[in-house]
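Asker: Could you look at this predicted model? Sequence included:
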Amino acid sequence: MTLAPLINVQTLMALPARRYRYLDASILLPGQEGDLEAAFHELAFPQADRFRINEICEKADSLPHMVPGAAVFAAFMTALGITRETGLVFYDQKGSIGACRAHWMASLFGHDAVHVLDGGLAAFILAGHRPHEAPEPAAPAPEFYRPRARYALLAGKGDVLAALDDPNALVLDARSAARFHAEVPEPRPNTRGGHMPGALNLPYGDLLDGQGCFMQPEALMARLNGCGAGKRDVITSCGSGLTAATLTMALRVAGLAPGQLYDGSWAEWGSDPTTPIEAS
């Protein structure tokens with residue numbers, strides 16, 4: 001059974017039993033409040049585990065939830081009894097921000113059978129299902145997880161600097177228009193407002209419907225082509241590397257190359273006084 005990166009409720013319900021594991025990757029954006037752990041324990045897919053992005057990260061880095069080294073990621077997956085052959089379904093309690101970031105991380109370390117539930121658990125329940133009705137999950141595997149890093153999916157500050165001078169490259173910023181144009185202060189202290197010169201603003205919410213699900217592929221293609229994404233090498237960016245992954249998923253769903261994700265994003269760029277910034 002070949003699945004697209006983004007699956008809907010109907011597809012999830014048709015998954016073969018004992019082939020996939022469910023991972024709740026819910027995460028709060030700056031300014032949001034909620035008890036994700038309590039919500040997870042109250043309502044979750046069968047034998048689901050939490051994929052805590054703020055813990056599966058490079059903790060020695062001062063920037064938020066920077067992607068960890070391959071050994072750290074592999075140790076986490078091994079502890080959950082997941083191998084690279086285990087099918088994975090990442091989901092959020094609502095929407096898919098965390099799940100898209102988790103999908104990008106798993107792809108970065110070579111996991112192929114990895115998918116995101118469009119709209120998350122909320123969409124599953126809205127469709128009339130209860131979590132326990134989902135197909136039976138795969139059993140834990142007593143094997144080491146063997147990553148196969150694909151660092152071509154990852155961009156650093158130097159890659160972005162080079163892209164700004166490359167007519168064949170495009171930086172897409174998933175932050176709100178108000179943040180992109182420095183009309184409101186950044187949520188992180190000591191971070192300048194504005195955007196990278198030449199970057200284009202594509203707020204991640206513009207790619208979603210009112211229920212937190214992605215727009216149809218044709219609509220995504222039209223939106224992304226309107227930014228020139230179909231003809232240029234894309235680097236996605238946002239505030240701290242979270243919602244940039246929503247743009248990356250949109251590229252995949254539209255049938256375009258996923259490009260690279262700038263992991264440091266504006267948390268790094270805006271706090272570095274040497275990087276160029278525009279505000280208009």
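Answerer: Done, it's in.
Asker: and the closest residue in space to residue 9 that isn't next to it in sequence, how many neighbours?
Answerer: Nearest residue to residue 9 in three dimensions, chain neighbours excluded: residue 127, at 4.4 Å (C-beta to C-beta, 6 or more residues apart in numbering). (Each C-beta comes from the backbone N, C-alpha and C, glycine too.) Counted with other C-beta atoms under 10 Å, residues neighbouring residue 127 total 13.
Asker: and if you look at the one 5 residues further on?
Answerer: The burial metric for residue 132, expressed as a neighbour count using other C-beta under 10 Å, is 9.
Asker: Three-state assignment for the spatially closest residue to it that is not a sequence neighbour, please.
Answerer: Closest residue to residue 132 apart from its sequence neighbours, by C-beta to C-beta, 6+ apart: residue 46 at 6.2 Å. Each residue gets one of three states, and residue 46 gets coil by DSSP: H, G, I helix; E, B strand; the rest coil.
Asker: what's around residue 46, how many residues?
Answerer: Neighbour tally, residue 46, other C-beta under 10 Å: 13.
Asker: Residue 158 now?
Answerer: 8.
Asker: mind listing what the residue nearest in space to the middle of the chain touches?
Answerer: In the chain, the centroid-proximal residue (C-alpha atoms, centre = their mean) is residue 101; its distance is 2.1 Å. Contact analysis of residue 101 by C-beta atoms under 8 Å, 6 or more residues apart in numbering lists 25, 27, 53, 241-242, 245.
Asker: Check the offset of the helix or strand hosting it from the chain's centre.
Answerer: If you go by DSSP states H and E, residue 101 is part of helix 97-108. With C-alpha atoms, centre = their mean, to the nearest Å as the basis, helix 97-108 stands 4 Å off its chain's centre.
Asker: Cool, thanks, signing off.
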